[in-house]
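Trainee: Only the shape, not the letters, is given here:
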């Protein structure tokens with residue numbers, strides 16, 4: 001399971017997030033998605049920890065906490081949904 005971390009500063013790094021979550025257990029991975037066009041951080045990330053009890057402790061401690069000038073939104077990440085194949089746009093209809 002992974003943890004969703006929202007409302008992050010655009011200046012946060014993987015190391016910053018690892019350091020904060022390491023206070024609650026072993027951090028297995030950190031992922032900070034970037035905007036495809038600008039390459040800028042998107043303001044959220046995902047943290048995976050060694051055990052569910054560590055994840056729960058981190059969520060309880062950090063959800064609503066202020067960090068780097070932002071109030072964090074921290075909860076269990078929802079499974080990624082398949083968005084299907086890209087959309088059509090379709091042609092014009094002639095009536």
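Mentor: Cool, the structure landed. Because the structure is predicted, anything quoted here is derived from the model rather than measured.

Trainee: alpha carbons only for contacts and neighbour counts from here, please
Mentor: Fine.

Trainee: Might you list the low-confidence residue ranges for the chain?
Mentor: Where the chain drops to pLDDT under 70, the residues are 82-95.

Trainee: how about the helices in the protein?
Mentor: 14-22, 52-62 (DSSP state H).

Trainee: Please identify the deepest-packed of these.
Mentor: Mean neighbours per residue, mean count of other C-alpha atoms under 10 Å, is largest over the helices of the chain for helix 52-62, with a mean of 17.

Trainee: Next, the angle helix 14-22 makes with that helix.
Mentor: 100 degrees (axes from the mean of the first three to the mean of the last three C-alpha atoms, to 10 degrees).

Trainee: distance between helix 52-62 and the chain's centre?
Mentor: The chain centre lies 15 Å from the centre of helix 52-62; the measure is C-alpha atoms, centre = their mean, to the nearest Å.

Trainee: packing partners for it?
Mentor: Packing partners of helix 52-62 (3 or more C-alpha pairs under 8 Å, 6 or more residues apart in numbering; DSSP states H and E): strand 73-76.

Trainee: The strand it packs on packs against which elements?
Mentor: So strand 73-76, by 3+ C-alpha pairs under 8 Å, 6+ apart, packs with strand 3-6, helix 52-62.

Trainee: Indicate which one of the ones you listed is closest to residue 44.
Mentor: Residue 44 lies closest, by C-alpha to C-alpha, to one member of the helices and strands packed on strand 73-76: strand 3-6, at 4.4 Å.
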